[in-house]
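Enquirer: Take this sequence and fold it.
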Amino acid sequence: MADDLASANVNRSYSLAAMSLAIFTFLLFFLYPRFRSGEINSWMFQATLVVMGVATFSFVFASFHYYYASLGMRFGEVERAAYQHRADRLWVAGYTLLFFVPSLILVTVGLFAVAAVWFVLWLAYVAFEIRYYPKIETTLANRRD
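Expert: Purely as a prediction, here's the structure:
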């Protein structure tokens with residue numbers, strides 16, 4: 001992996017982690033008072049916050065692994081490829097969960113029809129990801145070449 005690509009991946013993952021924290025804060029600011037008053041589904045609200053937390057930490061850990069991969073000369077190519085591989089998987093996990101959150105928010109506030117549409121779109125994305133991610137993911141053996 002080129003150092004400039006690794007640096008770009010660090011920045012991209014860092015930006016997504018920051019955006020996830022902003023969404024998390026938005027959820028707390030606007031929905032927590034409704035949670036306290038019992039206006040929204042408390043289990044769905046808590047599940048949404050958990051999913052946001054996992055997505056955020058996936059992006060943070062992906063940034064950490066991309067950063068390690070960008071260090072270049074400090075690690076051997078096999079170790080660098082392993083960090084890149086883990087970072088790619090963490091990034092995909094975070095992105096998938098981040099795209100799932102709107103469905104959870106919509107169910108939390110009781111907009112079930114709209115939530116169903118978002119959920120179908122999310123399932124379509126997951127199917128697309130399952131089909132195409134293995135084709136674009138570079139294997140560890142290929143990265144050593």
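
Enquirer: And the residue sitting furthest away from the middle of the chain, how far from residue 97?
Expert: The C-alpha centroid of the chain is most remote from residue 37, which lies 30.3 Å away (Cα atoms, centre = their mean). As defined by Cβ to Cβ, to the nearest Å, residue 37 lies at a distance of 28 Å from residue 97. Backbone N, C-alpha and C define where each C-beta goes, glycine included.

Enquirer: circling back to that earlier point, check what pLDDT the residue farthest from the centre of the chain gets.
Expert: The per-residue pLDDT reported for residue 37 equals 91.

Enquirer: Ok, the one 4 residues further on next?
Expert: The per-residue pLDDT reported for residue 41 equals 89.

Enquirer: Over to residue 38: give its phi and psi.
Expert: phi 80, psi 10 (degrees, to the nearest 10).

Enquirer: brain fart, residue 41
Expert: Dihedral angles (degrees, to the nearest 10) for residue 41: phi -70, psi 110.

Enquirer: The closest residue to residue 92 other than its chain neighbours: how many residues sit nearby?
Expert: Leaving out its chain neighbours, the residue that sits closest to residue 92 by Cβ to Cβ, 6 or more residues apart in numbering is residue 133, at 6.3 Å. For residue 133, the count of nearby residues is 13 (other Cβ atoms under 10 Å).
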